[in-house]
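**Student:** Please work out how this folds:
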Amino acid sequence: MSLFLPKLVCKKDIDDVIKTVAEKVVVLRFGRDEDSVCLQLDEILSKTAHDLSNMASIYIVDVEKAPVYTRYFDISYIPSTVFFFNGQHMKVDYGSPDHTKFVGSFKTKQDFMDLIEVIYRGAMRGKMIVQSPIDPKNIPKYDLLYHGI
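**Tutor:** Predicted structure coming up:
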């Protein structure tokens, strides 16, 4: 559990953050407090939060407390990180079929910081999808799960 990052505990909190945070990337980490990979990611997020405070606002969301968003973003693996800018969902091409979220933990703090900078700069230029600056070998690979097929 991250003591340094704000938690969003219901759909209304998440909606308010997405709608009201302006001119910054909203980072939503979906996961569970007791999961070891989530804890690893939380450490990276909390260590970079201050350095990225001009470009990003970072929040923690428990998947059990936000089932609407968990279903909407098809969060099958945790942690999953979703990005918004001025109320718009930002997509990132990681070289995988799913551009809606980053699944797993970032390998380094620098990978996360580079990604936030690319999303921020792209969003400021009006782009809705950006190319990931992360080395493909540092991006966790997962098979997509399709529910109900």
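
**Student:** Spatially nearest residue to residue 75, not counting backbone neighbours?
**Tutor:** The spatially closest residue to residue 75, leaving aside those adjacent along the chain, is residue 30, at 5.1 Å (CB to CB, 6 or more residues apart in numbering). In this view, the C-beta of every residue, glycine as well, is placed from N, C-alpha and C.

**Student:** Give the other helices and strands that the helix or strand where that neighbour lies contacts.
**Tutor:** Residue 30 belongs to strand 25-31 when elements are defined using DSSP states H and E. On a contact count with 3 or more CB pairs under 8 Å, 6 or more residues apart in numbering; DSSP states H and E, strand 25-31 meets helix 11-20, helix 36-49, strand 56-62, helix 67-72, strand 80-85, helix 109-124.

**Student:** Tell me who's in contact with residue 131.
**Tutor:** 92, 93, 118 (CB atoms under 8 Å, 6 or more residues apart in numbering).

**Student:** let me fix that: residue 66
**Tutor:** 8, 10, 11, 14, 30.

**Student:** okay, among those residues, which ones form the most distant pair?
**Tutor:** The span of the contacts of residue 66, defined through CB to CB, is set by 10 and 30 at 13.8 Å.

**Student:** CA atoms only for the strand holding residue 30, dumped as PDB, please.
**Tutor:** Written as PDB, here are the backbone C-alpha positions of strand 25-31 (Å, rounded to 0.1, in the frame of the first residue of the first chain):
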ATOM      1  CA  VAL A  25      -1.800  13.700 -17.100                       C
ATOM      2  CA  VAL A  26      -4.100  11.800 -14.700                       C
ATOM      3  CA  VAL A  27      -2.500   8.500 -13.800                       C
ATOM      4  CA  LEU A  28      -4.800   5.900 -12.400                       C
ATOM      5  CA  ARG A  29      -3.100   2.700 -11.000                       C
ATOM      6  CA  PHE A  30      -5.700  -0.100 -10.800                       C
ATOM      7  CA  GLY A  31      -4.700  -2.900  -8.500                       C
END
